[in-house]
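Peer 1: need a 3D model of the sequence below.
(one chain, ligands or ions: 3)
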Amino acid sequence: MAGSQMASRQAAHNASCRGAGKGVSSVKIGILTSGGDCPGLNAVIRGAVLNGIKQYGHEFVGFLDGWRGVVEGDVMDLPRQSVRGISKQGGTILGTSRTNPFEGNGGPEAIGKQLARRGIDGMIAIGGEGTLAAAHRISEAGLKIVGVPQTVDNDLDVTDYTFGFDTAVQIATEGIDRLRTTGESHHRCMVAEVMGRHAGWIALHAGMASGAHAILIPEQQVSMDQIVEWVTDAHKRGRAPLVVVAEGFMPEGTETAHSHRGLDAFGRPRLGGIADQLAPEIEARTGLETRATVLGHIQRGGVPTAYDRVLATRLGMAAADSAAAENWGTMVALRGTEIVRAHFSSALGRLKTVPQHRHDEAVTLFG
Ligand SMILES: Nc1ncnc2c1ncn2[C@@H]1O[C@H](COP(=O)(O)OP(=O)(O)OP(=O)(O)O)[C@@H](O)[C@H]1O
Ligand SMILES: O=P(O)(O)OC[C@H]1O[C@](O)(CO)[C@@H](O)[C@@H]1O
Ligand SMILES: [Mg+2]
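Peer 2: Ligands and ions are numbered 1, 2, ... in the order given. Alright, predicted model coming up:
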C-alpha cells in the first residue's frame with residue numbers, strides 16, 4: 001500500500017475510532033520477539049499495542065517464536081485484552097528463537113507473501129544485534145519494518161541502555177551477594193560467572209555493586225598472575241576473595257572465549273564455563289579453596305525491574321509511533337532520557353563495549 005493511501009485510510013479510521021470509541025482497524029502491525037529473551041519484552045509488546053490501538057486505531061498480531069512465525073505465517077491476534085497486566089511478566093508471550101529468516105522457506109519474497117496473505121501492513125521486530133541486522137536486510141528488500149533494541153548484554157551501540165540489562169544486573173548482584181556470605185563463612189575464594197558474550201557490562205556493574213576484588217571482562221585480557229595477585233591481596237586483608245567474570249572473558253594467552261557446549265542455531269559457539277576453568281587454577285596457585293558458580297539463564301528470567309518496565313514501555317510506544325508515521329527502516333533507542341529514532345544503516349554494525357576508562361576506574365578498587 002502506498003504511504004499516502006495508508007495515511008489517509010488511517011486518518012479516516014482514527015476519526016471514526018475516536019468518535020465512536022471503536023471501529024474496524026485499517027492498519028495491521030505484526031510484532032515479533034527474536035534472539036535471546038530478556039525481562040521487559042512483554043512491556044514493549046504492551047506499550048506498542050496500547051499506544052497503537054489508542055492513538056492510531058491500529059490492529060496488532062504477534063508472530064510466534066521470532067522469525068519462525070514470520071516465515072511460516074504463524075501468528076496470534078493481539079487485541080487490547082491480550083496485553084493486560086503483562087509488563088511485569090518475564091519472558092515473551094510470543095516466544096522467541098534464533099531462526100534465520102533467510103534460510104529454508106524464508107527470504108524477503110516469501111515473507112512478503114505471508115504478510116500479504118494475512119493483511120499485515122508492517123512489522124515491529126524486537127531483538128538484539130542479530131535480529132536487527134536481519135530486520136535491516138528485510139527492510140532493504142522493501143518490506144515495512146521498524147526495530148526495538150533488546151539484550152541483557154547492553155552491547156548495542158545505538159542506545160545508551162537496553163531494557164533487560166538493569167534486571168540482569170540486579171539478579172546477578174543478588175546472587176553474588178549470596179556467594180559472598182557463604183564464601184566469607186568458609187574463608188573461600190568465590191568465582192561468579194555472569195553473561196556477556198562480547199561486552200562485560202553485566203560483570204562490570206554487578207561486580208562493582210557487590211564490591212568484587214576482581215572483575216574480568218571480554219574487552220580486557222588479564223594474566224593469571226594478575227588475577228592471583230588480586231585474590232592474594234584480598235585474602236591477606238582477611239577477606240574472602242570474590243572474582244566476577246563475564247562468560248566471554250579471555251585470559252591472556254588465549255584467543256577465543258571458553259566454550260564446551262557446542263554451537264547455537266546460527267553456528268556460533270555457546271559460551272559458559274570460564275569460571276569452572278579459572279577456579280581450580282586460582283586454587284592451585286593460591287592454596288585457597290575456591291568455588292565456581294555460573295549464574296547463567298537466571299539472569300534473563302523473571303520479573304523486570306521498574307526501570308526496565310518503564311524503558312521497555314516507552315520503546316514499545318515509540319515503535320508504534322514509528323509504524324504510524326511510516327518511519328520504516330528505523331529503530332527506536334534511548335539517548336540520555338529521550339527516546340530517539342535511528343536508521344538501521346547508521347545504528348548497526350558496531351557493538352558498545354566497556355571503554356578502557358570504565359575498566360581502569362574499576363581496577364583501582366581491585367585486590
Ligand atoms: N547479520 C545477520 N544478518 C541476518 N540475519 C542475522 C544476522 N545475525 C543474526 N541473524 C539472524 O537473527 C537471529 C537472531 O540473532 P541472534 O541469535 O544474534 O540474537 P540477537 O537478536 O542478537 O539477540 P542476542 O542479544 O540474544 O544475541 C539469528 O539466529 C540469525 O538467524
Ligand atoms: O540463551 P542462549 O541461546 O544460550 O544464549 C546465551 C547468550 O545470549 C545472551 O544472554 C544475550 O545475547 C548472551 O549473554 C549469551 O551468550
Ligand atoms: Mg546476538
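Peer 1: quick one, longest helix in this structure?
Peer 2: Determined from DSSP state H, the single longest helix within the chain is helix 165-186.
Peer 1: report the distance from stretch 353-361 to the chain centre.
Peer 2: Stretch 353-361 sits 21 Å away from the centroid of its parent chain (Cα atoms, centre = their mean, to the nearest Å).
Peer 1: same question but for stretch 278-287, I mixed them up
Peer 2: 33 Å.
Peer 1: if we can go back for a sec, for the next helix-or-strand element following the longest helix of the chain, which strands pair with it and how are they oriented?
Peer 2: On the C-terminal side of helix 165-186, the nearest following helix or strand under DSSP states H and E is strand 189-194. Sheet pairing for strand 189-194, assigned by DSSP bridges, gives strand 242-246 (parallel), strand 290-294 (parallel).
Peer 1: and these as a markdown table, adding mean pLDDT, mean neighbour count and distance to P218?
Peer 2: Any C-beta I mention is one placed from the backbone N, CA and C, and that applies to glycine too. Listed next are these as a markdown table, based on pLDDT from 0 to 100; neighbours: other Cβ atoms under 10 Å; distance: least, Cβ to Cβ, whole Å:
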| stretch | mean pLDDT | mean neighbour count | distance to P218 |
| --- | --- | --- | --- |
| strand 242-246 | 98 | 30 | 6 |
| strand 290-294 | 98 | 20 | 16 |
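Peer 1: G336: how many residues sit nearby?
Peer 2: By other Cβ atoms under 10 Å, the residues close to G336 number 7.
Peer 1: pretty sure it sits against T159.
Peer 2: No: no contact is recorded between G336 and T159 when judged using Cβ atoms under 8 Å, the distance being 10.9 Å.
Peer 1: out of the strands paired with strand 189-194, which gets nearest to ligand 1?
Peer 2: strand 242-246 (14.0 Å; Cβ to the nearest ligand atom).
Peer 1: do any residues in that closest one lie close to ligand 2?
Peer 2: No: counting by Cβ under 6 Å from any ligand atom, ligand 2 has no neighbours in strand 242-246; the shortest distance is 8.5 Å.
Peer 1: tell me which stretches of this protein form strands.
Peer 2: With DSSP state E as the definition, the chain shows strands at residue ranges 28-33, 59-63, 75-77, 122-127, 145-149, 189-194, 214-216, 242-246, 290-294, 330-335, 338-343.
Peer 1: can you pull the buried residues of the last one?
Peer 2: Buried positions in strand 338-343, judged by neighbour count with 16 or more other Cβ atoms under 10 Å: I339, R341, A342.
Peer 1: now the fifth one
Peer 2: Neighbour counts over strand 145-149 (16+ other Cβ under 10 Å) mark I145, V146, G147, V148, P149 as buried.
Peer 1: among these, which one lies nearest to E219?
Peer 2: For these, the minimum distance to E219 (Cβ to Cβ) is 19.9 Å, reached by P149.
Peer 1: next one, pLDDT for that closest one please.
Peer 2: On pLDDT, P149 comes in at 97.
Peer 1: try H13
Peer 2: 37.
Peer 1: now T330: how far from L315?
Peer 2: 12 Å (Cβ to Cβ, to the nearest Å).
Peer 1: contacts only, for the closest residue to F249 other than its chain neighbours.
Peer 2: Closest residue to F249 apart from its sequence neighbours, by Cβ to Cβ, 6 or more residues apart in numbering: L216 at 4.3 Å. Each residue near L216 by Cβ atoms under 8 Å, 6 or more residues apart in numbering is listed here: G200, A203, V222, I227, V243, V244, V245, A246, F249, P251, L278.
Peer 1: could you list which of those also contact ligand 3?
Peer 2: The subset of those within reach of ligand 3, by Cβ under 5 Å from the ion, is empty.
Peer 1: export those residues to JSON lines and tack on distance to A257?
Peer 2: Shown next, in JSON lines, are the contacts of L216 (distance: Cβ to Cβ, whole Å):
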{"residue": "G200", "distance to A257": "11"}
{"residue": "A203", "distance to A257": "13"}
{"residue": "V222", "distance to A257": "14"}
{"residue": "I227", "distance to A257": "16"}
{"residue": "V243", "distance to A257": "17"}
{"residue": "V244", "distance to A257": "16"}
{"residue": "V245", "distance to A257": "11"}
{"residue": "A246", "distance to A257": "9"}
{"residue": "F249", "distance to A257": "7"}
{"residue": "P251", "distance to A257": "10"}
{"residue": "L278", "distance to A257": "13"}
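Peer 1: got any ranges where this structure has weak pLDDT?
Peer 2: Within the chain, the ranges that satisfy pLDDT under 70 run 1-25.
Peer 1: domain map for it?
Peer 2: 2-151+304-347, 165-301 (automatic domain parsing).
Peer 1: wait, isn't I282 in contact with E229?
Peer 2: No: using Cβ under 8 Å, I282 is not in contact with E229; the gap is 11.1 Å.
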